[in-house]
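[1] Need coordinates for the following:
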Amino acid sequence: MQKQQGITILLLMLGIASISLGMALKSVFEYSPTVGWLLGTVILTVNSIYTGKNIKKRSNI
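    Numbers count the residues shown, from 1 in each chain. Just a heads-up that it's a prediction; the model follows:
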């Protein structure tokens, strides 16, 4: 149980950090906000799928 929660929290933090980093670097790289938002969206989507599968697995037990 603790491992799944740790992975979920890690993915949430990575998603938010990638969005924030992309916005922070917009004066350095032209497309960094776009890359940050896309990467953050992908990470948060993977997190949602991972969490959904874990909830479904727990309810079947």
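[2] buried stuff in the host helix or strand of residue 54?
    Element membership for residue 54, per DSSP states H and E: helix 32-60. Across helix 32-60, burial judged by 16 or more other C-beta atoms under 10 Å covers 32-33, 36, 39-40, 43-44, 47, 51, 54. To be clear about C-beta, it is placed using only N, CA and C from the backbone, and glycine gets the same treatment.
[3] Quick check: residue 47 touching residue 11?
    Yes: using C-beta atoms under 8 Å, residue 47 is in contact with residue 11, at 3.8 Å.
[4] ok, back up a step: let me have the buried residues of helix 32-60 in JSON lines, extended by pLDDT and distance to residue 20.
    Below are the buried residues of helix 32-60 laid out as JSON lines (pLDDT from 0 to 100; distance: C-beta to C-beta, whole Å):
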{"residue": "32", "pLDDT": "95", "distance to residue 20": "11"}
{"residue": "33", "pLDDT": "95", "distance to residue 20": "10"}
{"residue": "36", "pLDDT": "96", "distance to residue 20": "7"}
{"residue": "39", "pLDDT": "96", "distance to residue 20": "11"}
{"residue": "40", "pLDDT": "96", "distance to residue 20": "8"}
{"residue": "43", "pLDDT": "96", "distance to residue 20": "12"}
{"residue": "44", "pLDDT": "95", "distance to residue 20": "13"}
{"residue": "47", "pLDDT": "95", "distance to residue 20": "16"}
{"residue": "51", "pLDDT": "92", "distance to residue 20": "21"}
{"residue": "54", "pLDDT": "89", "distance to residue 20": "26"}
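[5] Could I get those in CSV, plus columns for distance to residue 17?
    Below are the buried residues of helix 32-60 laid out as CSV (distance: C-beta to C-beta, whole Å):
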residue, distance to residue 17
32, 13
33, 14
36, 9
39, 10
40, 8
43, 9
44, 11
47, 13
51, 18
54, 22
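[6] Just give me the closest of those to residue 16.
    Using C-beta to C-beta, residue 40 is the member of these that sits closest to residue 16, with 6.9 Å.
[7] If anything else comes up later, I'll come back, but that's it for now.
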